[in-house]
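**Student:** Below is the sequence, then the predicted model.
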Amino acid sequence: MITTEQTVQTFLDFFRDRGHELIPGGSLIPPPGDPVLFTTSGMHPLTPYLRGRPHPLGQRLTGRQRCLRTTDLEEVGDDTHLTVFEMLGSWSLGDYAGPQSLRWGFELLRDGFGIDPGRMHVTVFGGDDQVEPDHHSWQTWNELGLPVEPTTGDNWWSNGPTGPCGPDSEIFVWTGDEIPQGTPTSDDRWVEVWNHVMMRYLRHPDGSLEPLRRPGIDTGLGLERLVRILRNTRSVFEIDVFRPWMSTLPRLWGPLGEPSLRLLSDHLRSSVVVLGDNVTPSPSGRGHILRRLIRRTLTTLWRDDPTRTLSDLPIDLVEHTLDHFRQSVRPEEVRTVLFDEEHKFGVLLQRGRKVLSRSRFLEPLTEDDYQYLHDTHGLPRDLVVYLNTDN
């Protein structure tokens, strides 16, 4: 069965054979001055070049990029969502246009990865009060024989309220056991794997759109989702890069239940990657996101058995993840930070239980109570809710 690394190589070789230069995969940490805490997409490091700056490697690029998103945090544990994941990408910086990108995408999925076109469905931008429908993409897919569903908001890409943006076309693959049915917006067994963005506009603070002087193409393919499809597994948690986590954690801590096992595997693995990019836990910023991941891990871990501890984690599990993401931090350093955070959280829980045992907090808590607990005792709302549930 195809591995994750083989999938990466097939993708990169395809685009390098078509004149794309390989760019190195960057850190989760955006460059100085970027307001975003973490890199959230493969195109993020290329934003200046998509806005028109010449890239030193030319107009055709390809690569892989690790990403982190907290917007999907509550969905982590389903079949497709992860906190840290990898994107494979291809970019045209003022070179070829959207139809060429779509044709190459179809060719790679069909011939390079062997996906039956009968299991593919696409969506395109159907137009709004500012921009007309994406007729070029629609026509291209019709010529290739794939079913098309037009949408509005779902097929308009932007990286924020201002900046580069444009219509996109998404390729979905059917993951159900039955004959494909419905459309991507009506049946969630259609899983999005590849988004092709036609970067044509610059949105200004007043909402107006200015055509870019040099339109570009930005594509992003979810690596773990694609491998799940190629290996025909139920979820992304059953592919090869997650196997060490999914098989080791139950041996350490006993039966966990599928939702808890998935969340623990994702959050621990994600914490290792964030630490591998030299972020440390803190009360704000990137460190707060890391601390939140670790504490969500611990609340899940201790829910059924408070004696479980991160000190049980074998060093080779941490090393496996650091190696996969090509990070040079020593595994022992990562484990030390995880143990230290576990100790701090344990102390905080003890203090929180003591505070909440006071008579004024025995009744249902008010908003003033939550504010007081946060400002006076440093107990965030989610922790208070956890302690009340735990009790």
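**Tutor:** On my side now, so go ahead.
**Student:** Tell me if Leu301 really is in a helix.
**Tutor:** Yes - according to DSSP: H, G, I helix; E, B strand; the rest coil, the state of Leu301 is that of a helix.
**Student:** which ones are touching the closest residue to it other than its chain neighbours?
**Tutor:** Leaving out its chain neighbours, the residue that sits closest to Leu301 by C-beta to C-beta, 6 or more residues apart in numbering is Arg308, at 4.9 Å. The C-beta positions use only the backbone N, C-alpha and C, and glycine is treated the same way. With contacts defined as C-beta atoms under 8 Å, 6 or more residues apart in numbering, Arg308 is in contact with Leu252, Trp253, Leu301, Trp302.
**Student:** shouldn't Arg203 be in contact with Ser158?
**Tutor:** Yes - in this structure Arg203 lies within contact range of Ser158 using C-beta atoms under 8 Å: 6.5 Å.
**Student:** Looking at those two now, which is surrounded by more residues?
**Tutor:** When Arg203 and Ser158 are compared for neighbours, Arg203 comes out ahead with 19 against 15, by other C-beta atoms under 10 Å.
**Student:** And that one, its phi and psi?
**Tutor:** Comment: the main-chain dihedrals of Arg203 come out as phi -90, psi 130, following degrees, to the nearest 10.
**Student:** ok, it - contacts?
**Tutor:** When the contact criterion is C-beta under 8 Å, 6+ apart, the partners of Arg203 are Ser158, Pro161, Thr162, Gly163, Cys165, Leu209, Glu210.
**Student:** measure Leu73 to Gly257 for me?
**Tutor:** With the distance defined as C-beta to C-beta, to the nearest Å, Leu73 ends up 19 Å from Gly257.
**Student:** quick one: which of the two has more around it?
**Tutor:** Counted by other C-beta under 10 Å, Leu73 and Gly257 do not tie: Leu73 has more neighbours, with 18 against 12.
**Student:** Phi, psi for that one please.
**Tutor:** Leu73 adopts backbone torsions of phi -60, psi -40, taken as degrees, to the nearest 10.
**Student:** Leaving out the residues flanking it, which one is nearest to it?
**Tutor:** Thr83 (6.5 Å).
**Student:** Sticking with Asp266, tell me its helix or strand.
**Tutor:** Of the helices and strands defined by DSSP states H and E, Asp266 is found in helix 258-276.
**Student:** Identify the residues contacting that helix?
**Tutor:** Under the criterion C-beta under 8 Å, 6+ apart, external residues in contact with helix 258-276 comprise 28, 66, 68, 76-77, 82-84, 235, 237, 242, 245-246, 249-250, 256, 286, 289-290, 293-294, 296-297, 300-301, 303, 313, 318, 321-322, 325, 327, 329, 333-334, 337-338.
**Student:** Can you turn the buried part of those into a PyMOL selection?
**Tutor:** Selection command for PyMOL covering only the buried members of these, criterion 16 or more other C-beta atoms under 10 Å:
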select buried, resi 28+66+68+76+77+82+83+84+235+237+242+245+246+249+256+286+289+290+293+294+296+297+300+301+313+318+321+322+325+327+329+334+337+338
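**Student:** shared neighbours, Arg203 and Ser158?
**Tutor:** Shared contacts of Arg203 and Ser158, counting by C-beta under 8 Å, 6+ apart, come down to Cys165.
**Student:** Kindly state the pLDDT recorded for the closest residue to Arg189 other than its chain neighbours?
**Tutor:** Nearest in space to Arg189, with sequence neighbours left out and distances taken as C-beta to C-beta, 6+ apart, is Gly176 at 3.8 Å. The per-residue pLDDT reported for Gly176 equals 92.
**Student:** a strand runs through Gly176, doesn't it?
**Tutor:** No - counting by three-state DSSP, Gly176 is not part of a strand but coil.
**Student:** For it, give me phi and psi.
**Tutor:** Summarising the backbone geometry of Gly176 under the convention degrees, to the nearest 10, its torsions are phi -80, psi 170.
**Student:** now swap in Gly89 and tell me
**Tutor:** Backbone dihedrals for Gly89, given as degrees, to the nearest 10, come out at phi -140, psi 160.
**Student:** Now do the same contact list for it.
**Tutor:** The contact partners of Gly89, by C-beta under 8 Å, 6+ apart, come to Gly42, Met43, Leu61, Thr62, Gly63, Arg64, Gln65, Asp218, Thr219, Gly220, Leu221.
**Student:** I'd like those laid out as a markdown table, including distance to Leu109 and secondary structure.
**Tutor:** Written out in a markdown table, the entries for those read as follows (distance: C-beta to C-beta, whole Å; DSSP: H, G, I helix; E, B strand; the rest coil):
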| residue | distance to Leu109 | secondary structure |
| --- | --- | --- |
| Gly42 | 17 | coil |
| Met43 | 20 | coil |
| Leu61 | 20 | strand |
| Thr62 | 15 | strand |
| Gly63 | 19 | strand |
| Arg64 | 17 | strand |
| Gln65 | 20 | strand |
| Asp218 | 18 | strand |
| Thr219 | 12 | strand |
| Gly220 | 14 | strand |
| Leu221 | 9 | strand |
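**Student:** Fine by me, thanks again.
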